[in-house]
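1. no FASTA, just this:
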């Protein structure tokens, strides 16, 4: 692990410290400035650090390895976003406001169309690696992960690829979508479907094919 990797592994703790400190100030001496600092710590600071990180270490798709002397941009990107995976309520509130969560994902670099409906319980691991069309419905407790990690020859192989979801797609509750998955326009994904890496799904849930194996 590089020095930068080690430093960024402390980033979630830094955010928690900033949030806790601003919350204490709100309790002791309430003011608009304290509330603004609280919200800045939760939402703006991680986003700004992500943008800065992306400028110098852009996220790269494909296969790489985590153990070694080379810095992994994905690792840094993941550490910056992990606060929202650990505390999903931070983003669940945004989904109660029409359009707010789609706008939030666009700020992270995702491409999100119009009329997308999000349920409150949802997990997205890599916000920038998403392309979603118009009029897409996300069911309850769906997971979208644009990366996988597996041990390989005393190392950790990382595979990263963008997830693409077309327009007028319905994603059933409890479904899991892996890296590199492409879902065509007008597709219905049944409840509890597991769509594995690089699968292309056309029309209905059973019509899935694997276009590339990474195993």
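-> Yep, it's here. The model shown is predicted, which means the values in this text are computed figures rather than measured ones.

2. shaky segments in this protein?
-> 203-215 (pLDDT under 70).

3. residues of whichever helix in it runs longest that come out buried?
-> Counting by DSSP state H, the longest helix found in the chain is helix 11-28. Neighbour counts using 16 or more other C-beta atoms under 10 Å place 11, 12, 14, 15, 18, 19, 22, 25 of helix 11-28 among the buried residues. Placement of C-beta: from N, CA and C, glycine included.

4. ok, the nearest residue to residue 187 once chain neighbours are set aside - contacts?
-> Closest residue to residue 187 in three dimensions, ignoring its sequence neighbours and counting by C-beta to C-beta, 6 or more residues apart in numbering: residue 169, at 5.0 Å. Contacts here follow C-beta atoms under 8 Å, 6 or more residues apart in numbering; on that basis residue 169 touches 133, 136, 137, 183, 185, 186, 187, 188, 189.

5. ditto for residue 96
-> By C-beta under 8 Å, 6+ apart, the residues touching residue 96 are residue 120.

6. ok, now how distant is it from residue 89?
-> 11 Å (C-beta to C-beta, to the nearest Å).

7. doesn't residue 158 fall inside a helix?
-> No: according to DSSP: H, G, I helix; E, B strand; the rest coil, residue 158 belongs to no helix; its state is strand.

8. quick check: it touching residue 146?
-> No: using C-beta atoms under 8 Å, residue 158 is not in contact with residue 146; the gap is 11.1 Å.

9. which of those two has more neighbours?
-> residue 146 (25 against 22; other C-beta atoms under 10 Å).

10. coming back round to it: quick one: the helix or strand just after the longest helix of the chain to helix 11-28, angle?
-> Past helix 11-28, heading to the C-terminal end, the next element that is a helix or strand (DSSP states H and E) is helix 32-39. Relative orientation of helix 32-39 versus helix 11-28 (axes from the mean of the first three to the mean of the last three C-alpha atoms, to 10 degrees): 160 degrees.

11. other residues contacting helix 32-39?
-> 18, 19, 22, 23, 25, 26.

12. make TSV from these and add distance to residue 174 to it.
-> Written out in TSV, the entries for the contacts of helix 32-39 read as follows (distance: C-beta to C-beta, whole Å):
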residue	distance to residue 174
18	34
19	31
22	36
23	34
25	41
26	38
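
13. now do the contacts for the closest residue in space to residue 122 that isn't next to it in sequence.
-> Sequence neighbours aside, residue 142 is the residue nearest to residue 122 in space, at 5.5 Å (criterion: C-beta to C-beta, 6+ apart). The neighbourhood of residue 142, defined by C-beta under 8 Å, 6+ apart, consists of 119, 122, 123, 171, 173, 174, 175, 176, 177.
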